[in-house]
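1. Task: produce atomic coordinates for the following.
(chains A and B)
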Number of protein chains: 2
Amino acid sequence: MSETTPPYRPRMTQAGLTPTHPVTAVDEFGDAREVQVAGEFPLTLYVDKREIVTLMTLGAHPEALALGYLRTQRFIAALEEVRSVQVTWDTEAVAVTTWNGVKGWDDKLKRRTITTGCGQGTVFSCTLDSLYSIRLPEVRVRQSLIYGVLENIRRHNEVYRRAGAVHGCALCRGTEVLRFVEDVGRHNAADAIAGYMWLDHMAGGDMLFYTTGRLTSEIVMKVAQMGIPVLLSRSGVTHMGLELAQKLGVTIVARAKGRHFLVYNGVRNIVFDRRPPRPSGPDSFNLSADYADSRRLKTK
Amino acid sequence: MSETTPPYRPRMTQAGLTPTHPVTAVDEFGDAREVQVAGEFPLTLYVDKREIVTLMTLGAHPEALALGYLRTQRFIAALEEVRSVQVTWDTEAVAVTTWNGVKGWDDKLKRRTITTGCGQGTVFSCTLDSLYSIRLPEVRVRQSLIYGVLENIRRHNEVYRRAGAVHGCALCRGTEVLRFVEDVGRHNAADAIAGYMWLDHMAGGDMLFYTTGRLTSEIVMKVAQMGIPVLLSRSGVTHMGLELAQKLGVTIVARAKGRHFLVYNGVRNIVFDRRPPRPSGPDSFNLSADYADSRRLKTK
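-> Down below sits the predicted model:
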């Protein structure tokens, strides 16, 4: 028998809230019905008693959110620096303590202040340089895997189906959904995934990141920071998100719904092993609402 | 002939960018097609040469966005305080100058810093007290008006249809869409509407605010600040957004799509003058994907 050290884990609360709350609403027939609405709570993050930020969150994964925020904002470099994560909803606070303190707080918070609100709260310009040092692995993504992931995701987005005011993010290996997080903010859901990857001691090289939300520059950055080479979205991509993906080598498959998807970057990595039958008509596909205003360039 | 003073307007650039850019993507058949992606640009806001915030924006309405941000964040109380709004994309900057300076900057920026990222960039706790002094007018909202608005909106959300990575907000009087703004951030689109309301010297008492986005607490707050008593969304509402709407008296109609909608707050203001025919079956409506996990409480 070989002795193994269990993977490191900070001391942590497990203070996740029930994500939805029943309320009464009236439908278009004038009938009252009980429906679910998503929770939304302020959660103020303290590190070694220093106030860092207040996040508005669904509250289902507060510990992972706090860790992931500190990770993607590059305030803390490794999980092993974290001693404990304590959530107290009475005071709407999450207190993170470190073993040895965080060096350069003033500098880090000053930079944050300057770029505040930039892309809604992320340290942007400051992390860009370090981002370009990221080297993502080359991967092959089969079309059948994309369809398998989309199929499996459908079983997970419960809060969305119930309350419709959240975004979902998933961490997948193969077609398996390892983690699925929903939150009222796209950024929070992505940060919570980043937190879980730390806690689960997972590297992202063989993974795929799915989100229901739009692929803005920030989401592309966060995913690259997690070391994940493939980004799949039900929604679209922005021009800046796309440029960043091209620079960082993130494969972007967006507007993925049902059988449809569009590969915006890294098409050489996609293996088209499950092409659907082409619709009939001269170019009937261009008429599809899903690709309105797109124009087929050539037919192979 | 009576002499009238033209409504006040600051000196302004008109530096709106084309919202979408063509890129080549590859669809599920392996065919290349030209598609549109939404722009996303950093825009750093300076007031009297002081750096305030960097917003990530589509860039189509930069002047209104800057004014609206300063309005909803309560940095500036009236349009008449603003001397000029100058956007320079080369430096990704919008420079706002005031006639007499802004009092209490340090205090205002300090508060912002403390609550930074709170709900993704809004001064939250600080504006809440002043919010509760808002008195919104009692209104009647006909079901036929809701349907009319939804029908008219469909003609406006062009960028979304083309690029699918934006949220749209509309300012409506009756069924008329007075302003329609799309942006990569929900908050930006709402702020730009607030800016246009200033520029157009419009009060919100007889208006309706539509958004494609989720009704979080921040959006409800912004709309109440604009003095608009009715909020209509294609998406859902969060628990906190709902509580705030109840306190402030904002009528909330959400998950509005086609003939469906749910009134979450202010049902006494809704006139059901266009009830659709009830679907057949004992309670077939409960099976509708649009209201999954809701439960009809009673039938009038």
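2. which strands and helices sit next to the longest helix anywhere in chain A?
-> Ranked by residue count, the top helix of chain A under DSSP state H comes out as helix A:186-199. Counting contacts by 3 or more C-beta pairs under 8 Å, 6 or more residues apart in numbering or on different chains; DSSP states H and E, helix A:186-199 packs against strand A:50-57, helix A:62-72, strand A:167-173, strand A:176-183, strand A:208-211, helix A:217-225. The C-beta positions use only the backbone N, C-alpha and C, and glycine is treated the same way.
3. So which of those has the densest surroundings on average?
-> Looking across the helices and strands packed on helix A:186-199 with neighbours counted as mean count of other C-beta atoms under 10 Å in any protein chain shown, the highest average goes to helix A:62-72: a mean of 27.
4. now that one, how far from the centre of its chain.
-> 12 Å (C-alpha atoms, centre = their mean, to the nearest Å).
5. about what we covered before: of all the helices and strands packed on helix A:186-199, which has the lowest average per-residue confidence?
-> Here those differ in mean pLDDT, and the lowest is strand A:50-57 at a mean of 87.
6. burial measure for A:A95, as a count.
-> Neighbourhood size, A:A95 [other C-beta atoms under 10 Å in any protein chain shown]: 18.
7. Where does pLDDT dip in the stretch 101-250 of chain A?
-> Residue ranges of the stretch 101-250 of chain A with pLDDT under 70: A:109-130, A:160.
8. Do me a favour and get the backbone dihedrals for A:V26.
-> Dihedral angles phi and psi of A:V26 (degrees, to the nearest 10) take the values phi -120, psi 130.
9. That one and chain B, how far apart?
-> 4 Å (C-beta to the nearest C-beta, to the nearest Å).
10. Would you check that that residue makes contact with B:N265?
-> No. Under the criterion of C-beta atoms under 8 Å, A:V26 is not in contact with B:N265, lying 9.9 Å apart.
11. What is the neighbour count of A:P22?
-> 13.
12. same question, the one 10 residues further on
-> If you count neighbours by other C-beta under 10 Å, A:A32 ends up with 18.
13. Just list whatever residues bridge to it.
-> A:V26 (DSSP bridges).
14. looking at this, A:E151 is in a strand?
-> No. Applying DSSP: H, G, I helix; E, B strand; the rest coil, one finds A:E151 to be helix, outside a strand.
15. Next, give phi and psi for the closest residue to it other than its chain neighbours.
-> Spatially, and ignoring its direct neighbours in sequence, A:E151 is nearest to A:T175 (7.6 Å; C-beta to C-beta, 6 or more residues apart in numbering or on different chains). The phi/psi pair for A:T175 (degrees, to the nearest 10) reads phi -90, psi 0.
16. got it, and A:H156?
-> According to degrees, to the nearest 10, A:H156 has phi -100, psi -30.
17. check contacts around it.
-> A:168, A:170, A:177, A:180 (C-beta atoms under 8 Å, 6 or more residues apart in numbering or on different chains).
18. center of chain A, which residue is that?
-> A:A190 (2.5 Å; C-alpha atoms, centre = their mean).
19. returning to what we had before: neighbour-wise, which of A:V26 and B:N265 wins?
-> B:N265 (26 against 23).
20. Count the residues that sit near the closest residue to the more buried one other than its chain neighbours.
-> Nearest non-adjacent residue to B:N265, counting by C-beta to C-beta, 6+ apart: B:I252, 4.2 Å away. Counted with other C-beta under 10 Å, residues neighbouring B:I252 total 24.
21. who touches B:I252 in this structure?
-> B:215, B:220, B:231, B:233, B:237, B:241-242, B:245, B:263-266.
22. Can you report phi and psi for it?
-> Backbone geometry at B:I252, expressed as degrees, to the nearest 10, gives phi -120, psi 120.
23. where does it land on pLDDT?
-> For B:I252, the model assigns a pLDDT of 98.
24. Could you do A:Q73 as well?
-> 85.
25. In helices, which of the contacts of B:I252 fall?
-> Using DSSP H, those in helices are B:220, B:241-242, B:245.
26. Reformat the helices and strands packed on helix A:186-199 into a markdown table and put distance to chain B next to each item.
-> Below are the helices and strands packed on helix A:186-199 laid out as a markdown table (distance: least, C-beta to the nearest C-beta, whole Å):
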| stretch | distance to chain B |
| --- | --- |
| strand A:50-57 | 4 |
| helix A:62-72 | 9 |
| strand A:167-173 | 9 |
| strand A:176-183 | 11 |
| strand A:208-211 | 12 |
| helix A:217-225 | 6 |
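27. Turn these into CSV, columns for distance to B:E63.
-> CSV is the format used below for the helices and strands packed on helix A:186-199 (distance: least, C-beta to C-beta, whole Å):
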stretch, distance to B:E63
strand A:50-57, 28
helix A:62-72, 32
strand A:167-173, 30
strand A:176-183, 32
strand A:208-211, 32
helix A:217-225, 23
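28. which one of those lies closest to B:G164?
-> Among the helices and strands packed on helix A:186-199, the nearest to B:G164 by C-beta to C-beta is strand A:208-211 (13.3 Å).
29. Tell me which other helices or strands the closest one touches.
-> Against strand A:208-211 (3+ C-beta pairs under 8 Å, 6+ apart) you get helix A:143-153, strand A:167-173, helix A:186-199, strand A:230-233.
30. For these, give me TSV that also has distance to A:S133.
-> Rendered in TSV, the data for the helices and strands packed on strand A:208-211 read as follows (distance: least, C-beta to C-beta, whole Å):
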stretch	distance to A:S133
helix A:143-153	29
strand A:167-173	23
helix A:186-199	18
strand A:230-233	19
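31. Looking at these, which is nearest to B:A66?
-> Across those, closest to B:A66 is helix A:186-199 (C-beta to C-beta), at 22.8 Å.
32. re earlier: could you check how many residues crowd around the residue nearest to A:E151?
-> 17.
33. That one against A:G148, yeah?
-> Yes. Between A:T175 and A:G148 there is a contact under C-beta under 8 Å: 3.3 Å.
34. All the helices of the stretch 1-150 of chain A, residue numbers only.
-> Ranges of helices in the stretch 1-150 of chain A, per DSSP state H, counting those that start in this stretch, are A:62-72, A:105-115, A:125-131, A:143-153.
35. And the contacts of the first one?
-> So that's helix A:62-72. A:12-17, A:43, A:45, A:47, A:52-53, A:55, A:57, A:75-76, A:79, A:82, A:85, A:87, A:94, A:96, A:122, A:181, A:183, A:188, A:190-196, A:198-199, A:221-222, A:225-226.
36. Bridge partners for the residue lying closest to A:N157 once chain neighbours are set aside, pull those for me.
-> Nearest non-adjacent residue to A:N157, counting by C-beta to C-beta, 6+ apart: A:G168, 4.6 Å away. Counting by DSSP bridges, A:G168 is bridged to A:E182.
37. OK, contacts around A:G168?
-> A:153, A:156-157, A:159-160, A:180-182, A:189, A:210-212.
38. now swap in A:V85 and tell me
-> A:10-13, A:63, A:66-67, A:94-96.
39. Nearest to chain B among those residues?
-> If you rank these by distance to chain B using C-beta to the nearest C-beta, A:A66 comes first, at 12.5 Å.
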